[in-house]
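from the sequence below, what's the structure:
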Amino acid sequence: MSTSTLRAALLGLLSIATAAAQDQTGRIEGVVLDSASHQPVKKATVTINFMGPVSAGTENQAPPAAATDSTGAFSFSNLTPGEYQLIVQHQNYPPARMGGHWTNVRVTAGETAPKVNVELVPGAIVSGRIVDEEGDPLNGCIVQPRPARNINEGVPMMRLPMTREDGSYRIFGIPPGKYTITAHCSESVFQARPLSEGPDPPPASAYPALFYPAARDVKSAQILELSAGVEKSGVDFQMAPVAVTRIHGRLAAGSADWRGRNDIRVQLVPLDSGGPRFFGFAGGEINPKDGTFELNQVFPGSYRLIAFSQDFGVRGPQASAGDRVGAVLRVEVADKPIELSLPLHRAVDIAGTIEIERANKTADPITPSQLNFQLTSDDQFGGPPPITQIAEDGSFTIKSVPPGEWRVRLFASSAFVKSIRFGVDDVTNRPMDLTSGTSAPLRIVVGTDTATIRGTGPPEQMVLCAPAGEADQFQGSRASQVNSNGQFAIQGLAPGKYRVSLGVSAPVSEEAGQEVTVGEGETATIDLKPETKSSIQ
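Below you'll find the model as predicted:
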């Protein structure tokens, strides 16, 4: 046999082997479009994750990410048969809540999966100008949209811009929905310098944060509805200065040991929990020699003054969580300087028990050791106590809890908190008060008679179920996929109110999706229409 004949034979065998291997794999093809213009989106990043099932002796590694071409097309070849999660991202489009727009695709050996059409939702744009009380431009101001339903919920924008020298700004990539717009200017208000020598005096006035168009609180703010790919221009602010004052404080004599510690900080937090939390904060360090601190440029209002120790650099390598100290004090600020004494307390340990009420005695029981929880606080700085493990007999000890107001967050897939007592106080729906630095026994009752939401929707689409209204936000969002028969089920829910929608990101609009209320052990049934989808089509 000649060399050329042998080479041809080998190539033929290789071709047959390649074809046989390809018969055992599948392929995914698709196109990415702009949901507003329906034009192709080029240079979108498409990644896939293999979800299973894993075949014995098979390498199930996801291929490298693909980029869409000028027609918005992408493809993946030689894929192991099974279920894949497809994720699409582009730098010019706002990301969904879970990091990208995603859907599931089933791959069959020797076949190309049905073509996947992905529509990326373009972000809205807000632009305007910020000027001072005399109409002169203010630069360095921060403008930020806040969801109308919860102003302290984050918005996955492209970036947080500052105003330019002419006072103008332009925010890109805002997910469509209803918002309030806030502006905060840290630029100093002009004040005449005294003729005497020495340092400049503390500022006597400053620019308070404003809600568009000129409101000091969210109740008076105008709500803007932003549409995909549409610019809302003329969102202008005219900032007006108000008088500010200062707080001078000292750690009280006889309080927890603070001398020589350089890790203690103070923070001033607005008492109004409905206000934007990144505005109106003033903070500073405590002098480790004399325990004094100074907060300047404080606007009139009601505040919590919080002192806390950080979890680093406390006392060198011997530091531990037991070294934590803190304090919480309510402060009313008017137009005069304030002198105060702040009692510092050591962190405390909280001992308690957890009791589980079984809904069905025939079902596999949940044991206390399968549960864990953590204390959380809206106003706490310096880090929360660690997640608490529960013993088989239901007992637990939460170590080193700083002074403050704390809520219990339970981590369990098929259980929920029914009642919580801290000493004689019922704290089921309110925080435990540890501001005095004293502890009490904690008793938690957990229910297992969870609720279910079933329904119908477009096959292969994802369904997101998020707490709504006054529901416990700590329950978190749950997701499920509509099967090939158009059915879905979300189980293990705590009793309460939920908003259910198609997609993978929580809807900014309160009208998106459907609102469902379920009680203990109840099952609700809904029908989700395609027009309620929020993030991928």
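
next structured bit after the worst-scoring helix or strand of the chain on mean pLDDT?
Least confident element among the helices and strands of the chain, by mean pLDDT, DSSP states H and E: helix 3-23 (a mean of 52). Next in sequence after helix 3-23, counting helices and strands by DSSP states H and E, comes strand 26-34.

show me what the helix or strand following that next one is packed against.
Once the chain leaves strand 26-34, the next helix or strand it forms, by DSSP H and E, is strand 45-52. Packing partners of strand 45-52 (3 or more C-beta pairs under 8 Å, 6 or more residues apart in numbering; DSSP states H and E): strand 26-34, strand 66-67, strand 73-79, strand 82-89. (C-beta placed from N, C-alpha, C; glycine too.)

reformat those as JSON lines; add mean pLDDT and mean neighbour count.
As requested, the helices and strands packed on strand 45-52 are exported to JSON lines (pLDDT from 0 to 100; neighbours: other C-beta atoms under 10 Å):
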{"stretch": "strand 26-34", "mean pLDDT": "89", "mean neighbour count": "20"}
{"stretch": "strand 66-67", "mean pLDDT": "90", "mean neighbour count": "14"}
{"stretch": "strand 73-79", "mean pLDDT": "89", "mean neighbour count": "17"}
{"stretch": "strand 82-89", "mean pLDDT": "84", "mean neighbour count": "20"}
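
which residues are in contact with the helix or strand hosting residue 128?
Using DSSP H and E, residue 128 sits within strand 124-131. Outside strand 124-131, the residues that touch it by C-beta atoms under 8 Å, 6 or more residues apart in numbering are 137-138, 141, 143, 145, 163, 166-172, 174-176, 181, 183, 185, 224, 226-239.

if you look at those, which of them are in helices?
In helices, judged by DSSP state H, none of the contacts of strand 124-131 are found.

buried subset of those residues, written for PyMOL?
The buried subset of the contacts of strand 124-131, as determined by 16 or more other C-beta atoms under 10 Å, is captured in PyMOL by this line:
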select buried, resi 138+141+143+145+163+167+169+171+172+174+175+176+181+183+185+224+226+228+229+232+235+236+237+238+239
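
my read is that residue 189 contacts residue 206, right?
Yes: between residue 189 and residue 206 there is a contact at 5.8 Å, judged by C-beta atoms under 8 Å.

what's the overlap in contacts for the two?
With C-beta under 8 Å, 6+ apart as the test, residue 189 and residue 206 both reach residue 241.

show me what contacts residue 339?
248, 249.

how close does it sit to residue 268?
15 Å (C-beta to C-beta, to the nearest Å).

gap between stretch 80-99 and the chain center?
Distance of stretch 80-99 from the chain centroid (C-alpha atoms, centre = their mean, to the nearest Å) equals 19 Å.

just stretch 28-44 next, same as before
Worked out by C-alpha atoms, centre = their mean, stretch 28-44 lies 28 Å from the chain centre.

CA atoms only: put that stretch into CSV for me.
Output in CSV follows, covering the C-alpha atoms of stretch 28-44 (Å, rounded to 0.1, in the frame of the first residue of the first chain):
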residue,chain,number,x,y,z
ILE,A,28,-27.0,25.2,20.7
GLU,A,29,-27.7,28.2,18.4
GLY,A,30,-29.3,31.5,19.1
VAL,A,31,-29.5,35.2,18.5
VAL,A,32,-29.4,38.2,20.9
LEU,A,33,-31.7,41.2,20.1
ASP,A,34,-32.5,44.5,21.7
SER,A,35,-36.0,44.3,23.1
ALA,A,36,-36.9,47.9,22.2
SER,A,37,-35.5,48.2,18.7
HIS,A,38,-35.4,44.5,17.9
GLN,A,39,-32.0,45.1,16.3
PRO,A,40,-29.2,42.5,16.8
VAL,A,41,-26.8,43.0,19.7
LYS,A,42,-23.2,42.3,18.8
LYS,A,43,-20.3,41.5,21.2
ALA,A,44,-22.7,40.2,23.8
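
surely residue 103 meets residue 83?
No: distance between residue 103 and residue 83: 11.2 Å, which falls outside the contact criterion (C-beta under 8 Å).

buried residues in stretch 260-268?
Residues of stretch 260-268 classed as buried under the neighbour-count rule (16+ other C-beta under 10 Å) are 261, 263, 264, 265, 266, 267, 268.

let me see the domain layout of the protein.
3-120, 124-192+201-242, 245-344, 348-447, 451-532 (automatic domain parsing).

the fourth one: end-to-end distance?
I take that to be domain 348-447. 28 Å (C-alpha to C-alpha, to the nearest Å).

how far does it sit from its chain's centre?
Its chain's C-alpha centre and that of domain 348-447 lie 22 Å apart, by C-alpha atoms, centre = their mean.
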